[in-house]
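> fold the following and give me the result.
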Amino acid sequence: MLVMAWMQPDWDEEGDFPVARLCGNPDSDEADEDWPRIAILHLSAEEFVLFTANPIRYLRDHHVFPEQPVEWISDCMRPPLGKGIPQAAPGTGWTVVVNHGKPSIASSSAIPDQVA
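Numbering: from 1, shown residues only. Okay, the predicted model is just below:
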């Protein structure tokens, strides 16, 4: 098991939203060992709607994983609806974590930046 120390990721803020990219074994010289690849996205409320409408297209259009685009992704997991569960404040942004594994499959989860 690879255990990494806590660190601040490098944020790429040149695109439409800030994104941090991490890989499974950044110290490896072997291309096959740097999986899974993880991206953390800070999306506005509007961008989050676009992401959830078509995550594959969104990830490709924004070149989140340019070296190997995602071919399949599960629905984005987010806090459930229910009594007593805080919900996203209107117009709030979302932090989305995308876990991209081989062979080009991914999963994602999101939490709101603010709750109502």
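
> and the residue located most distally from the centre of the chain, what does it touch?
Of all residues in the chain, residue 83 sits farthest from the chain's C-alpha centroid, using CA atoms, centre = their mean; the distance is 27.2 Å. For residue 83, no contacting residues are found, by CB atoms under 8 Å, 6 or more residues apart in numbering. From N, CA and C alone the C-beta is placed, and that goes for glycine too.

> how close does it sit to residue 109?
22 Å (CB to CB, to the nearest Å).

> how about residue 50?
17 Å.

> got the confidence number for the residue farthest from the centre of the chain?
Model confidence at residue 83, given as pLDDT, is 86.

> where along the chain do the helices fall?
Residue ranges of the helices in the chain, as given by DSSP state H, are 45-53, 55-61.

> so which of those helices comes closest to residue 77?
Across the helices of the chain, the minimum distance to residue 77, taken as CB to CB, is reached by helix 45-53, at 10.9 Å.

> not counting the closest one itself, show me its contacts.
Against helix 45-53 from outside (CB under 8 Å, 6+ apart): 16-17, 41, 43, 58, 76, 90-94, 96, 110.

> try it again with 10 Å
Among residues not part of helix 45-53, those counted as contacts by CB atoms under 10 Å, 6 or more residues apart in numbering are 16-17, 41-44, 57-59, 61-62, 64, 75-76, 78, 88-96, 98, 108, 110, 112-113.

> show me the strands in the chain, by range?
Taking DSSP state E as the criterion, the chain contains strands spanning 11-12, 19-23, 37-43, 72-73, 94-101, 105-112.

> mean pLDDT and mean neighbour count added to these, as TSV?
What follows is the strands of the chain, written out as TSV (pLDDT from 0 to 100; neighbours: other CB atoms under 10 Å):
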stretch	mean pLDDT	mean neighbour count
strand 11-12	76	12
strand 19-23	74	17
strand 37-43	90	20
strand 72-73	95	15
strand 94-101	92	20
strand 105-112	93	18
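
> find the nearest non-adjacent residue to residue 64, please.
Counting by CB to CB, 6 or more residues apart in numbering, the nearest residue to residue 64 once its immediate chain neighbours are dropped is residue 39, at 5.1 Å.
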